[in-house]
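Asker: structure of the sequence below:
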Amino acid sequence: AVGPAGVVAQPGFDGAPAAPDAPGAGAADAAPAGGPLALPAASGPGTPPGPVDEPAGSAQDEPDFPAVVAPAADGGARRLLVWPEPDPSTKQALQDRGYRPVIVRSREEVDAQVAGLPAALFVDPLTGPITRTALQSLRTAALNSRVPVLVTAGLGQATKDAAYGAEPAVLLRALAPRDSENHAARVLLVESDPDIAAALVAGLERRGMHVDHAADENEAVARASSVQPNLVVMDLLQIRRRRVGLLDWLQANDRLHRTPLVVYTSVDLDPQELPRLRTGETVLFLAERSTTDEVQARIVDLLARIGAIGEVSATAGPQAH
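Answerer: Now for the predicted structure:
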């Protein structure tokens, strides 16, 4: 990894060149730099849930969902697959919510845990680096076993040279499972700031992905049925903590277990510097997520919701793809 301290010096993201993608995944790299590949017509209507209530960050923004994950079938704590090993505060927060974090480092270790019906695979790179190749392998194993995938990240801003090797689109492309070799992955981006959104869209489309941008979660739910996303990318603070939203739409349409969710924090970005993204003076780079109390609480709330939704899915049994 290269670059100045504070860019790729963080332990979370390895900026070194990645190994080639899995067989059949190279078509996106061959896409013209000017835009996304052609897409098929949207498949099948979805039924969005009711509207989301408050704006993110509202003083009334308290979760209506269960605060503690229901026990596993054997009465023990529900398993949550994690990679890398969680930091002590995150581990304790997950255990307080009724989870038993289980560290997995390979596809084989994910496969070995499937019989225990884990709630999700949680990738939270605070304690060690993650690489595109390893992330893609774990993502594939989880999705093949109907285990939802949640990845956290942080966004930073720097000059192109300083941020070399930490482009967000590189990691996100490794996470997006395409419908076939001939069609680009469809990404649903939920971001309220137009400068951040434009920078992320441009980077993802240069990597051969098709991006639909929604300014908030209400708009994302409204667009989801036509997009049928392969990957959801959103600012953590855009996720409402009350009632229904995009997670519920994904579950209702049998997509939660096959649509990785990337939530990022952008609290360390300087709003006065964001216009420089449009001029090309600076670019976004991936870093560790924020570790503030609010961010920590929102992440464990989100994982508790995924666990509660997953209980319904596990009880219902596998559905046809």
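
Asker: which parts of the stretch 1-150 of the chain are helices?
Answerer: 88-96, 107-113, 132-144 (DSSP state H, counting those that start in this stretch).

Asker: in JSON lines, list those along with mean neighbour count.
Answerer: Where C-beta positions appear, they are placed from N, C-alpha and C, glycine not excepted. JSON lines is the format used below for these (neighbours: other CB atoms under 10 Å):
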{"stretch": "helix 88-96", "mean neighbour count": "16"}
{"stretch": "helix 107-113", "mean neighbour count": "16"}
{"stretch": "helix 132-144", "mean neighbour count": "20"}
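
Asker: hey, what's Thr152 bridged with?
Answerer: Val263 (DSSP bridges).

Asker: in a markdown table: the helices of the stretch 1-150 of the chain, plus distance to Gly280 and mean pLDDT.
Answerer: Below are those laid out as a markdown table (distance: least, CB to CB, whole Å; pLDDT from 0 to 100):
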| stretch | distance to Gly280 | mean pLDDT |
| --- | --- | --- |
| helix 88-96 | 36 | 95 |
| helix 107-113 | 39 | 96 |
| helix 132-144 | 25 | 94 |
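
Asker: would you turn these into TSV with distance to Thr159?
Answerer: Output for the helices of the stretch 1-150 of the chain, formatted as TSV (distance: least, CB to CB, whole Å):
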stretch	distance to Thr159
helix 88-96	31
helix 107-113	37
helix 132-144	23
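
Asker: how about the helices in the stretch 151-300 of the chain?
Answerer: 168-175, 194-206, 217-227, 246-252, 275-279, 293-316.

Asker: for Arg146, which of these is the nearest?
Answerer: helix 293-316 (7.6 Å; CB to CB).

Asker: show me the contact partners of the closest one.
Answerer: 63, 65-70, 78, 80, 89-90, 93-94, 96-99, 117, 119-120, 122, 124, 146, 148, 150, 152, 236-237, 239, 241, 247-248, 251, 256-257, 263, 265, 267, 289 (CB atoms under 8 Å, 6 or more residues apart in numbering).

Asker: repeat the analysis, applying 7 Å as the threshold.
Answerer: 63, 65-67, 69-70, 78, 80, 89-90, 93-94, 97, 117, 119-120, 122, 148, 150, 152, 236, 239, 241, 247, 251, 256, 263, 265, 289 (CB atoms under 7 Å, 6 or more residues apart in numbering).

Asker: ok, now how distant is the residue positioned nearest the centre of the chain from Arg276?
Answerer: Central residue of the chain (CA atoms, centre = their mean): Val262, 1.3 Å from the mean position. Distance of Val262 to Arg276, computed by CB to CB, to the nearest Å: 24 Å.

Asker: check which residues of stretch 202-211 are buried.
Answerer: Buried residues in stretch 202-211, counted by 16 or more other CB atoms under 10 Å: 202-211.

Asker: what's the separation between Ala202 and Glu167?
Answerer: For Ala202 relative to Glu167 (CB to CB), the value is 11 Å.

Asker: so which of the contacts of helix 293-316 belong to strands?
Answerer: Among those, the residues falling in strands (DSSP state E) are 78, 80, 122, 150, 152, 263, 265.

Asker: touching, the last one and Gly154? I think so.
Answerer: Yes - Thr265 sits in contact with Gly154 when judged by CB atoms under 7 Å, with a separation of 4.9 Å.

Asker: list residues touching both of these two?
Answerer: Common neighbours of Thr265 and Gly154 (criterion: CB under 7 Å, 6+ apart): 289-290.

Asker: okay, the angle between the lowest-mean-pLDDT helix or strand in the chain and helix 88-96?
Answerer: Among the helices and strands of the chain, helix 293-316 carries the lowest confidence by mean pLDDT, DSSP states H and E, at a mean of 79. Interaxial angle, helix 293-316 versus helix 88-96 (axes from the mean of the first three to the mean of the last three CA atoms, to 10 degrees): 40 degrees.

Asker: can you show me the CA trace of stretch 161-175 as PDB?
Answerer: Taking C-alpha atoms only, stretch 161-175 is exported to PDB below (Å, rounded to 0.1, in the frame of the first residue of the first chain):
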ATOM      1  CA  ASP A 161      -1.900  10.800  -6.000                       C
ATOM      2  CA  ALA A 162      -2.300  10.700  -2.200                       C
ATOM      3  CA  ALA A 163      -5.300   8.400  -2.400                       C
ATOM      4  CA  TYR A 164      -3.800   6.000  -5.000                       C
ATOM      5  CA  GLY A 165      -4.800   2.400  -4.400                       C
ATOM      6  CA  ALA A 166      -7.800   3.200  -2.100                       C
ATOM      7  CA  GLU A 167     -10.500   4.000  -4.700                       C
ATOM      8  CA  PRO A 168     -13.900   2.900  -3.300                       C
ATOM      9  CA  ALA A 169     -15.000   1.400  -6.600                       C
ATOM     10  CA  VAL A 170     -12.300  -1.300  -6.400                       C
ATOM     11  CA  LEU A 171     -13.700  -2.700  -3.200                       C
ATOM     12  CA  LEU A 172     -17.300  -2.200  -4.200                       C
ATOM     13  CA  ARG A 173     -16.900  -4.000  -7.500                       C
ATOM     14  CA  ALA A 174     -15.500  -7.100  -5.700                       C
ATOM     15  CA  LEU A 175     -18.700  -7.100  -3.600                       C
END
